[in-house]
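[1] My questions concern the predicted model and sequence given below.
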Amino acid sequence: MDTNDSTAVDVPRGLAGVVVTETGLGDVRGREGFYHYRGYPAVELAASRTFEDVWHLMFRGALPPDPAARAAFAAETAALRRLPDEVRDALPGLARASAPSGPLAGLRTALSLLGARAGFRPVYDLDPERRAQDALTACAAVPTLLTALHRLGQGQQPVEPREDLPYAANYLFMLTGEEPDPATARAVEQYLVSTVDHGFNASTFTARVIASTGADVAACLTGAVGALSGPLHGGAPSRALDTLEAIGTADRIKPWIRERVSAGERIMGFGHPVYRTEDPRSRLLRDIARQFGGPLVDFAVEVERQVEEILAELKPGRELHTNVEFYAGVVMELCGIPRTMFTPTFCAARVVGWSANILEQAADSKIIRPAARYTGPPAPQQVPLPV
């Protein structure tokens with residue numbers, strides 16, 4: 001950045017609190033412990049609506065107006081679940097190559113291949129209807145890609161999608177090979193709805209930056225998946241569950257937590273960069289977990305209670321509560337989702353939010369191009385002659 005440029009503006013590290021654009025998709029009110037999708041409380045949507053309803057809301061600006069519209073949109077998206085032959089044939093090789101890292105690593109390449117095979121073109125060159133169609137195609141394919149990559153990585157054959165099952169039930173069917181019971185499918189659906197969108201988080205912002213260049217939908221989503229793969233963003237649900245296992249028993253909670261906090265370590269599943277009160281997603285997922293019941297749920301609730309007490313004592317003045325990852329791990333474990341698929345499951349929901357943001361950003365042709373303050377050696381340096 002030219003430090004003599006009078007238009008340059010210094011901002012907080014990580015762009016914390018910086019407003020970079022306007023959006024009609026949703027908002028997160030951290031001090032209130034509230035977030036919404038197009039004005040509707042997201043937690044209430046998760047409690048009363050289907051995933052397809054919320055997908056319709058994010059893409060088309062409103063909830064389905066009647067049962068016929070709901071059924072039509074569900075059928076439209078279900079018909080897009082099957083993969084092109086060229087993409088399906090490439091998945092075994094992708095699964096082998098990405099095995100050390102998992103399905104998200106394979107998804108990045110698979111999305112690029114899908115975009116090429118489906119003829120995705122730069123959003124800059126497309127009308128809104130074609131952009132939306134590309135986004136629908138990608139969103140519908142992501143669960144199929146993720147579950148196929150997982151099963152191939154486990155030495156199993158992929159399970160073809162079923163058009164007669166709702167989004168969440170079909171996802172579980174492709175993952176396990178068995179049709180889920182209604183309670184399990186609904187619990188996963190509520191989790192998926194609650195994680196569709198959440199403000200300008202790192203992966204959503206990444207998708208919008210790429211969309212601002214006019215790139216195609218697959219390129220935008222590939223970048224978002226890359227951002228999500230980082231442990232500071234999407235990798236915490238399994239780590240939060242690992243914390244419960246590391247503690248082990250109720251009598252070990254206090255000494256285990258005190259030791260970590262004293263060492264300056266982060267307690268996975270607690271604290272959030274936006275919320276200054278309880279994460280509403282955590283509250284929703286806690287209620288879902290309690291409907292299942294059992295030792296894991298009882299232990300998680302007790303760990304939450306004691307950890308919040310200890311954090312309040314050791315870090316006075318800071319509001320540190322459970323975030324979405326803490327009970328997300330518990331719910332997914334209870335629903336039989338393998339831990340290696342926790343973050344991919346999150347991705348299967350967030351792809352809809354990413355795509356809605358891509359479509360919104362594509363309507364604005366202004367490229368996102370911030371500046372940086374140079375802190376290296378003073379310039380110009382004399383170029384030494386070669387020796």
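    Noted; the coordinates are in hand. Here the structure is a predicted model, which is why all the values come from computation and not from measurement.
[2] Could you give the number of residues near P84?
    14 (other CB atoms under 10 Å). C-beta coordinates here come from the backbone N, C-alpha and C atoms, glycine included.
[3] Look up how far N357 lies from it.
    Distance, P84 to N357, by CB to CB, to the nearest Å: 25 Å.
[4] Can you read off the pLDDT for T21?
    T21 carries a pLDDT value of 90.
[5] and it, what does it touch?
    By CB atoms under 8 Å, 6 or more residues apart in numbering, the residues touching T21 are 208, 361, 364.
[6] quick check: longest helix of this structure.
    In the chain, with assignment by DSSP state H, the single longest helix is helix 128-153.
[7] For that helix, what does the pLDDT average out to?
    Averaged across helix 128-153, pLDDT comes to 98.
[8] mind listing what's buried in it?
    Within helix 128-153, the residues that count as buried by 16 or more other CB atoms under 10 Å are 131-153.
[9] What subset of the contacts of T21 is buried?
    Buried, going by 16+ other CB under 10 Å: 208, 361, out of these.
[10] Least confident of the contacts of T21?
    D364 (92).
[11] what kind of secondary structure is it in?
    Here D364 is recorded as coil under DSSP: H, G, I helix; E, B strand; the rest coil.
[12] what sits against it?
    21, 212.
[13] and with 10 Å instead?
    21-22, 208, 211-212 (CB atoms under 10 Å, 6 or more residues apart in numbering).
[14] now what about stretch 56-66, what contacts it?
    With CB under 10 Å, 6+ apart as the criterion, stretch 56-66 contacts 24-26, 37-40, 45, 49-50, 52-55, 69-74, 76-77, 132, 135-136, 139, 196-197, 352-353, 355-357, 359-360.
[15] For the contacts of D364, which two are the farthest from each other?
    E22 and A211 (14.9 Å; CB to CB).
[16] Of these two, which one has the most company?
    A211 (32 against 7).
[17] I'd guessed T50 sits against L165; true?
    No. T50 is beyond contact range of L165, at 11.9 Å (criterion: CB atoms under 10 Å).
[18] and after the helix or strand bottoming out on mean pLDDT in the chain, which helix or strand comes next?
    Each helix and strand of the chain was given a mean pLDDT (mean pLDDT, DSSP states H and E); the minimum falls on helix 236-247 at a mean of 81. Next helix or strand after helix 236-247 toward the C-terminus (DSSP states H and E): helix 253-262.
[19] next one: that following helix to chain centre, how far?
    29 Å (CA atoms, centre = their mean, to the nearest Å).
[20] Mind giving me the packing neighbours of it?
    helix 236-247, helix 295-314 (3 or more CB pairs under 10 Å, 6 or more residues apart in numbering; DSSP states H and E).
[21] Identify each buried residue in it, please.
    For helix 253-262, by 16+ other CB under 10 Å, it's 253, 256-257, 260-261.
[22] what's the angle between it and helix 236-247?
    120 degrees (axes from the mean of the first three to the mean of the last three CA atoms, to 10 degrees).
[23] so how far is the longest helix of the chain off the chain centroid?
    Taking mean C-alpha positions (CA atoms, centre = their mean), helix 128-153 and its chain are 14 Å apart.
[24] Beyond it, next helix or strand please.
    Moving toward the C-terminus from helix 128-153, the next helix or strand (DSSP H and E) is helix 167-176.
[25] buried set for the next helix or strand after that next one?
    Going down the chain from helix 167-176, the next helix or strand is helix 182-194, by DSSP H and E. By neighbour count with 16+ other CB under 10 Å, helix 182-194 contains the buried residues 184-194.
[26] Dump the residues you listed to a markdown table, plus distance to R108 and pLDDT.
    Formatted as a markdown table, the buried residues of helix 182-194 follow (distance: CB to CB, whole Å; pLDDT from 0 to 100):
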| residue | distance to R108 | pLDDT |
| --- | --- | --- |
| T184 | 29 | 98 |
| A185 | 28 | 98 |
| R186 | 30 | 98 |
| A187 | 28 | 97 |
| V188 | 24 | 98 |
| E189 | 26 | 98 |
| Q190 | 28 | 97 |
| Y191 | 23 | 96 |
| L192 | 21 | 98 |
| V193 | 25 | 98 |
| S194 | 25 | 96 |
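[27] I'd like to know which of the residues you listed is nearest to Y327.
    Y191 (9.2 Å).
[28] where's the closest one relative to M268, distance?
    Relative to M268, and taking CB to CB, Y191 is found at 18 Å.
[29] overlap in contacts of T50 and L165?
    Any residue near both T50 and L165 by CB under 10 Å, 6+ apart counts here, and that gives A74.
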